[in-house]
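**Q** Sequence first, predicted coordinates after that:
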Amino acid sequence: AGRILSARVDSGRLTVSVAPSLAAKWLVPRLDGFRERHPDIDVWVSADMDVVDFAADDVDLAIRYGGGKYPGVVVEHLMAESIVPVCSPRLMLGDHPIRTPQDLAHHALLHDGSPDKDESCPTWPMWLKAAGVKGVDGARGPKFNQSSLVIEAAVAGRGVALAKSQLALADLEAARLVIPFDMTTPSAFAYYIVHPPARGALAAVKAFKAWLHEEAEATPDAARLQAARA
């Protein structure tokens, strides 16, 4: 089976497992750049939340959001993550414009319920307490099971979200979202490239890893982007 897998990858197909939100908001929009550089490699994206069984799932490389402890495989740090409040610029206007955290009393809170077990990621009750906000129920508002859905709801003007900054970045760059308060929470989790040791020798895996690191290094910091625009 190992010989078949190696032959398949070297023949130009690379299967990458990645969480759905990172696939939608970060990886897939950038893939044309990889395709232009390596037209001979077809990247198959498998978007799933499950931990990969590389042998059974026929996956060459995974990108995972977590603490970085993945035994038995090669692990490379790809990029850090932080949590920022985001909302549509429309919410900065109107009858109850958002100026301070206390103004959240007039707006829906959008909750990220993605199952990534990131205890360093603040919930709305934690965030409001840290911001010194009183009289706002941090538990109210809709919850979404994917980070990308929380961001889409914020873009649509449905409320204010606590978003993973790397995933919100494209919408921040396009001014579909803004960061209403300068309160960034670093996450203890980060994005990691993970693959079995044997796959590291494959040309397609080497090429894709090098490209991923380039893209991560070129990704601007969301809070700095916002500050530069202000």
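**A** Here it is on my side, so go on.
**Q** low-confidence ranges in the protein?
**A** Low-confidence segments of the chain (pLDDT under 70): 1-11, 222-230.
**Q** Walking through it, point out its helices one by one.
**A** Using DSSP state H, the helices of the chain run over 2-10, 20-22, 31-37, 54-57, 124-130, 147-155, 165-173, 203-218, 222-229.
**Q** chain center to stretch 32-52, what's the gap?
**A** A distance of 16 Å separates the centroid of the chain from that of stretch 32-52, by C-alpha atoms, centre = their mean, to the nearest Å.
**Q** Next, the buried residues of that stretch.
**A** Across stretch 32-52, burial judged by 16 or more other C-beta atoms under 10 Å covers 34, 38, 41, 43, 45, 47, 49, 52. All C-beta atoms are positioned from the backbone trio N, CA, C, and that covers glycine.
**Q** Which pair of those spans the longest distance?
**A** Pairwise distances across the buried residues of stretch 32-52 (C-beta to C-beta) peak at 27.4 Å, for the pair 38 and 49.
**Q** who's in contact with the nearest residue to residue 211 once chain neighbours are set aside?
**A** Closest residue to residue 211 apart from its sequence neighbours, by C-beta to C-beta, 6 or more residues apart in numbering: residue 34 at 5.0 Å. By C-beta atoms under 8 Å, 6 or more residues apart in numbering, residue 34 lies in contact with 41, 43, 208, 211.
**Q** The third one touches residue 43, doesn't it?
**A** Yes: counting by C-beta atoms under 8 Å, residue 43 is a contact partner of residue 208 at 7.1 Å.
**Q** who touches both of these two?
**A** 14, 16, 34.
**Q** Chain neighbours aside, what residue packs nearest to the first one?
**A** Nearest-residue entry for residue 14: residue 204, 4.5 Å, with adjacent residues in sequence omitted and distances by C-beta to C-beta, 6+ apart.
**Q** shouldn't that neighbour be in contact with residue 41?
**A** Yes: under the criterion of C-beta under 8 Å, residue 204 makes contact with residue 41 at 5.0 Å.
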